[in-house]
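Novice: Sequence unavailable; structure follows:
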């Protein structure tokens with residue numbers, strides 16, 4: 001409960017000032033067409049910023065869900081409740097940390113410009129999107145016998161090469177066991 005004279009949060013007028021901080025919480029105000037970014041919610045240092053969204057028309061855009069991809073490669077799943085469909089939007093060009101919102105008023109999945117609030121359609125034609133989830137692409141790992149590896153002087157009969165596809169931005173641990181089936 002707020003007391004008179006008690007500052008609930010510090011407000012910023014510009015994202016350039018705000019993004020010196022890391023937003024811990026993002027709320028969408030749905031019918032108002034706003035995203036509210038909150039840093040350190042509930043603490044004495046709580047800070048918030050309201051970004052008003054626009055579709056560059058006279059009608060107000062509303063959003064139901066907003067997500068922030070963590071890697072360029074992955075899939076955004078969007079639930080279209082009226083269409084009784086789940087759409088999978090797969091790309092290798094998502095902007096990590098960029099905002100993507102599902103708009104129930106415009107029937108789109110759109111990329112949000114975090115400095116202006118402009119929502120640019122990425123996918124159109126949905127009836128009523130009400131839910132979005134980003135899933136990063138998982139690396140596929142394959143082990144191949146390789147005759148191209150120089151094994152001279154290593155007391156090794158055969159060499160293997162590990163190849164990765166998909167999102168290879170994070171390290172993975174590869175373990176293998178070699179069994180001599182001839183003995």
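Specialist: Received, thanks. Computed from a prediction, not measured in an experiment: that's the story for all the values here. Numbers count the residues shown, from 1 in each chain.
Novice: dump the residue contacts of the nearest residue to residue 93 once chain neighbours are set aside.
Specialist: Leaving out its chain neighbours, the residue that sits closest to residue 93 by CB to CB, 6 or more residues apart in numbering is residue 72, at 6.0 Å. Every C-beta, even on glycine, is put in place using the N, C-alpha and C of the backbone. Going by CB atoms under 8 Å, 6 or more residues apart in numbering, residue 72 touches 91, 92, 93, 94, 95, 96, 167.
Novice: now with 7 Å?
Specialist: Listed by CB atoms under 7 Å, 6 or more residues apart in numbering, the contact set of residue 72 reads 92, 93, 94, 96.
Novice: got it, and residue 67?
Specialist: 76, 100, 132, 133, 134.
Novice: quick one: the first one is in a strand?
Specialist: Yes - under DSSP: H, G, I helix; E, B strand; the rest coil, residue 76 sits within a strand.
Novice: Skip the chain neighbours and tell me the closest residue to it.
Specialist: Using CB to CB, 6+ apart, the closest residue to residue 76 is residue 89 (4.5 Å).
Novice: Mind pulling up the pLDDT for the one you found?
Specialist: On pLDDT, residue 89 comes in at 94.
Novice: Over to the one 3 residues further on?
Specialist: Listed pLDDT for residue 92 reads 88.
Novice: Give me the phi and psi for it.
Specialist: Dihedral pair for residue 92: phi -110, psi 10, per degrees, to the nearest 10.
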